[in-house]
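Q: Here is my input; please provide its structure:
(chains A and B)
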Protein chains: 2
Amino acid sequence: MVMKTNTRHRVVILGGGFGGLNAAQSLASAPVDITLIDRRNFHLFQPLLYQVATGALSGGEIASPIRAILRLQKNVRVLLGEAIDLDASGRRLITDVGPIEYDTLIVAAGVRNCYFGKDQWDRVAPGLKTIEEAAQIRQKLLFAFEAAERETDRTKHAEWLTFVVVGAGPTGVELAGAVGEIARQTLKEDFRNIHPEDAKILLLDGADRVLPHFHPKLSASAEKALKKLGVHAMVNVRVKDISETGVTAVGENGEIYIPTRCVIWAAGVKAAPFCDTLAAQAEAELESNGQVIVQPDCSLEAHPEIFVIGDIASYNHDGRRLPGVAQVAIQQGRYVARLIRKRLRGEAGTRRFHYFDKGQMAVIGRGRAVAESRGLRFSGFSAWLAWLLIHLVYIAEFSNRLLVLVRWTYLYFSFSRGARLITGHDHLLVEKMVPECEEEDVAV
Amino acid sequence: MVMKTNTRHRVVILGGGFGGLNAAQSLASAPVDITLIDRRNFHLFQPLLYQVATGALSGGEIASPIRAILRLQKNVRVLLGEAIDLDASGRRLITDVGPIEYDTLIVAAGVRNCYFGKDQWDRVAPGLKTIEEAAQIRQKLLFAFEAAERETDRTKHAEWLTFVVVGAGPTGVELAGAVGEIARQTLKEDFRNIHPEDAKILLLDGADRVLPHFHPKLSASAEKALKKLGVHAMVNVRVKDISETGVTAVGENGEIYIPTRCVIWAAGVKAAPFCDTLAAQAEAELESNGQVIVQPDCSLEAHPEIFVIGDIASYNHDGRRLPGVAQVAIQQGRYVARLIRKRLRGEAGTRRFHYFDKGQMAVIGRGRAVAESRGLRFSGFSAWLAWLLIHLVYIAEFSNRLLVLVRWTYLYFSFSRGARLITGHDHLLVEKMVPECEEEDVAV
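A: Numbering: from 1, shown residues only, chains lettered A, B, ... in the order given. The predicted structure follows:
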């Protein structure tokens, strides 16, 4: 179909994560007017968020203002705002800034934490989606050591020094490994009443091994590396309840209770709330976790002018549902941009989206990682070096890349974590803080 | 007096700012057991906080965990906690962690923002004392540009793009200069509906010139440099009211109303609340702003074993009250440590505290500053270079120094401000955030 009007073709992109940003950038030289709308004024490099949560990096070092990234691309207008509703027949996105008309809409609104119906857990077991949540995790983590040091009743030390990470996917493994490193190395000399290296770090998962989506050999290798950092993997375990003072879990040997003051959630995500709007207004079909089921070209069946990409989309790729990782979002963003150009030129018969799987990796503390790519498997230092290079290359802004490199170099040789500040409005009353759900889930 | 007991002499230090930290470090080899207690787990390099507020640096880059700094000094125990009361005759500091006995107490609790009886202004005009307040100012500042871009009613653009800084001391001048730089340079290309360089930046002060404590020639030079950055200094002006939508001020020509959505407070400080405890429990005399009047050796008249140093102290130095700057706190901390050593050795006749005035400086945007030191006066690039070197040398931790250098180098050549993120729990509703008062006021 050829689209011709007196004005330029209007593309509205909802979300400035990996998907939305790549779509906008790939449309740089196209004859379109783009509006990119996001609730936050920055693009977040999600794969490194666990390093902010564990005090290795500052939030600002893994985030770049969206305006700064798109500064010179004159066909993009960036808007700080929220989508409230959709008028699909009138082709208008309703936002808190007013309605925005579009010819093509790209929804890349991401995901948020999912507690499987137990939303009250978000107060005691923050997930890792936003910069604020990362700060909250850091707060809980570091405060636990402080509280143990303050505590005169020695029997309570163990409770403060037990850390539970729920979910042993890449994010959970990376978090648990970093907590182990903090306890064993970073804080080694810092306290006088407690021994941080006595900390008990438990990594819980319902599957029968850590990193269940990796090859079993890599799972075994990861578990070994975790053990060296003092992380004990508890598999085949399901969380039944989380309170301010402990976790109740059900394993093969029945119910167990783990007294702990610091629980981190890395177990599940669900689609951003806009998925319900798409279902109600654009006849979108949803998965049980809210993800929007899309056509082979990433559009909606009833509305070929609406594309849904990235983590909020459920894409069936040769019988397999694509994972919620940065690479999928990036490639879908670029694919959709190409498709829009083709439609504008009047070309038909577009190929379906094809995902080029570069592989997956997870880092476990300093100098160790596991990685698999196109049939090859690595673990140990070589995998970690690969991880390091890939992540540095991908960090959006040049200045940040250098900053992160400086931080990492220093961290590598000193074990110090310069950014381990307890901040926030209730720094002494961490339990009070309520996390906020946000876009983008990515695990490279 | 010789102090001898079976146990070691116990020194309790309240506050881990410049004063408390230097006192602790100078007692490293002394035969004492030190407890340093602070409400925060980090030492903040206050003189650069305005750069966090204006998006040039991340909070983590100017803060270091107190534990990390004192890690290897085995005679120090660091405690995260708050002082609640004092039992001066029993020599016990009452904290939220319980009572702590001391032989010598050093109070270095700092200052907080003072609104001269109008405490309700703190909601609309945050001051610059804590990392959280810096983030709040950054939020207000950057959100104003976003809101202007969103605003379809063009008559309201001016309101959003008017920025008022109250107080033209070094902090106010540095903040206003940085806001000017953001509007004129950093954001130049970032917006499509508004022109950030149209921003009106007003710097208000009750005195007859900016930097009233500097030589008049430097004030004139600073005002000229500010003008180039679009900052208009309004002197001889008193603030009468601040609301969410404007500032009412009284000048020589009567009352004026300035419609604005972003007001920053840099006009005054008062002593931390612990000053009242000292007055009630240790017969301390207070100035009208709460500062504790100390003896020539920084102790209290009624309690020679209690020292009060840094910004919370009012020290009369040859008829002049010492300013609340880092240098005074650092030198007092070191002096008090020396005095304690002498007392432990039984030496009498200690000299009074002598302040070595190294001078003062204020930076005005990229590559410009004013400085005066021991009768010499500089302005322009040479003063800025001096400022740069001095600040890099003083930043506490090595890794931070490198990070800040990388950031600054990049900023200098690119005008980019990598850390300009709008974060916090009400990032779209900035007015809701209530700041929190905190220790340490320092303007080097």
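Q: ranges for the helices of the stretch 1-150 of chain A?
A: Ranges of helices in the stretch 1-150 of chain A, per DSSP state H, counting those that start in this stretch, are A:18-26, A:49-53, A:66-69, A:131-150.
Q: That should have said the stretch 201-350 of chain A, apologies.
A: Ranges of helices within the stretch 201-350 of chain A are A:216-228, A:274-282, A:326-345, based on DSSP H, counting those that start in this stretch.
Q: would you list the helices of the stretch 1-150 of chain A in JSON lines and tack on mean neighbour count, distance to chain B and mean pLDDT?
A: To be clear about C-beta, it is placed using only N, CA and C from the backbone, and glycine gets the same treatment. Listed next are these as JSON lines, based on neighbours: other Cβ atoms under 10 Å in any protein chain shown; distance: least, Cβ to the nearest Cβ, whole Å; pLDDT from 0 to 100:
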{"stretch": "helix A:18-26", "mean neighbour count": "26", "distance to chain B": "13", "mean pLDDT": "96"}
{"stretch": "helix A:49-53", "mean neighbour count": "27", "distance to chain B": "9", "mean pLDDT": "91"}
{"stretch": "helix A:66-69", "mean neighbour count": "24", "distance to chain B": "4", "mean pLDDT": "89"}
{"stretch": "helix A:131-150", "mean neighbour count": "23", "distance to chain B": "4", "mean pLDDT": "92"}
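Q: Which of those sits closest to B:Thr162?
A: Closest approach to B:Thr162 among those is made by helix A:66-69 (20.6 Å; Cβ to Cβ).
Q: so how far is the closest one off the chain centroid?
A: Chain-centre distance of helix A:66-69: 20 Å, with Cα atoms, centre = their mean, to the nearest Å.
Q: where does the stretch 51-200 of chain A come near chain B, residue by residue?
A: A:57-61, A:63-65, A:67-68, A:71-72, A:77-82, A:96-98, A:131-132, A:142-143, A:146-147, A:149-150, A:152, A:187, A:189-193 (Cβ under 8 Å from any Cβ of the partner chain).
Q: Which ones among those map onto strands?
A: Taking DSSP state E, the ones among those that sit in strands are A:Ala63, A:Ser64, A:Pro65, A:Arg77, A:Val78, A:Leu79, A:Leu80, A:Gly98.
Q: and A:Arg351, that one's in a helix?
A: No. Judged by DSSP: H, G, I helix; E, B strand; the rest coil, A:Arg351 forms no part of a helix; its state is coil.
Q: ok, now how distant is it from A:Ile340?
A: For A:Arg351, the distance to A:Ile340 equals 14 Å [Cβ to Cβ, to the nearest Å].
Q: Which of the two has more residues huddled nearby?
A: Per other Cβ atoms under 10 Å in any protein chain shown, whichever of A:Arg351 and A:Ile340 has more neighbours is A:Ile340, with 23 against 11.
Q: surely the more buried one meets A:Ala30?
A: Yes. Between A:Ile340 and A:Ala30 a contact is recorded at 6.8 Å, counting by Cβ atoms under 8 Å.
Q: got a list of what A:Ile306 touches?
A: A:Ala88, A:Thr104, A:Leu105, A:Ile106, A:Val107, A:Leu278, A:Ala282, A:Ser299, A:Leu300 (Cβ atoms under 8 Å, 6 or more residues apart in numbering or on different chains).
Q: State the distance from the last one to B:Gly206.
A: In this case it means A:Leu300. 62 Å.
Q: And those two? Which one has more around it.
A: A:Leu300 (22 against 17).
Q: how about the more buried one, phi and psi?
A: A:Leu300 has phi and psi values of phi -90, psi 140 when expressed as degrees, to the nearest 10.
Q: which regions of the stretch 201-350 of chain A lie under the pLDDT threshold?
A: For the stretch 201-350 of chain A, residues meeting the criterion pLDDT under 70 lie at A:349.
Q: What segments of it are strands?
A: For the stretch 201-350 of chain A, applying DSSP state E, counting those that start in this stretch gives strands covering A:231-234, A:238-242, A:246-251, A:254-259, A:262-265, A:269-271, A:285-286, A:292-293, A:306-308, A:313-314, A:316-317, A:320-321.
Q: Apart from its chain neighbours, what residue comes closest to A:Gly359?
A: A:Ser373 (2.9 Å; Cβ to Cβ, 6 or more residues apart in numbering or on different chains).
Q: Kindly report the same for A:Ile66.
A: In this structure, A:Ile66 finds its nearest non-sequential neighbour in A:Gly16, 4.4 Å apart by Cβ to Cβ, 6+ apart.
Q: The one you found contacts A:His43, doesn't it?
A: Yes. Under the criterion of Cβ under 8 Å, A:Gly16 is in contact with A:His43, at a separation of 5.2 Å.
Q: what about A:Glu82, neighbour count?
A: 15.
Q: what's it sitting at in phi/psi?
A: phi -130, psi 140.
Q: Could I get the contacting residues of it?
A: Counting by Cβ under 8 Å, 6+ apart, the residues that A:Glu82 touches are A:Ile37, A:Arg39, A:Thr95, A:Asp96, B:Leu428.
Q: let's go with 10 Å and repeat that
A: By Cβ atoms under 10 Å, 6 or more residues apart in numbering or on different chains, the contact set of A:Glu82 is A:Leu14, A:Ile37, A:Asp38, A:Arg39, A:Thr95, A:Asp96, A:Val97, A:Pro273, A:Phe274, B:Leu428.
Q: Just give the nearest non-adjacent residue to the fourth one, would you?
A: So the one you mean is A:Arg39. Leaving aside its chain neighbours, A:Arg39 sits nearest to A:Glu82 (5.1 Å; criterion: Cβ to Cβ, 6+ apart).
Q: B:Leu218 versus that neighbour, what's the distance?
A: Using Cβ to Cβ, A:Glu82 is found at 47 Å from B:Leu218.
Q: do A:Leu72 as well
A: 39 Å.
Q: Report how many residues lie close to A:Trp160.
A: Counted with other Cβ under 10 Å, A:Trp160 comes out at 22.
Q: for the one 10 residues further on, same thing?
A: Burial of A:Pro170 is recorded as 26 neighbouring residues (other Cβ under 10 Å).
Q: Was I right to think it contacts A:Ala326?
A: No. With contact defined as Cβ atoms under 10 Å, A:Pro170 does not count as touching A:Ala326 (11.5 Å).
Q: Endpoint to endpoint, stretch A:348-360 covers what distance?
A: Using Cα to Cα, to the nearest Å, the end-to-end distance of stretch A:348-360 comes to 34 Å.
Q: er, stretch A:44-63 I mean
A: Stretch A:44-63 has an end-to-end distance of 4 Å (criterion: Cα to Cα).
Q: for stretch A:56-75, same thing?
A: Taking Cα to Cα, stretch A:56-75 runs 37 Å from one end to the other.
Q: now stretch A:197-211
A: Start-to-end span of stretch A:197-211 (Cα to Cα) is 25 Å.
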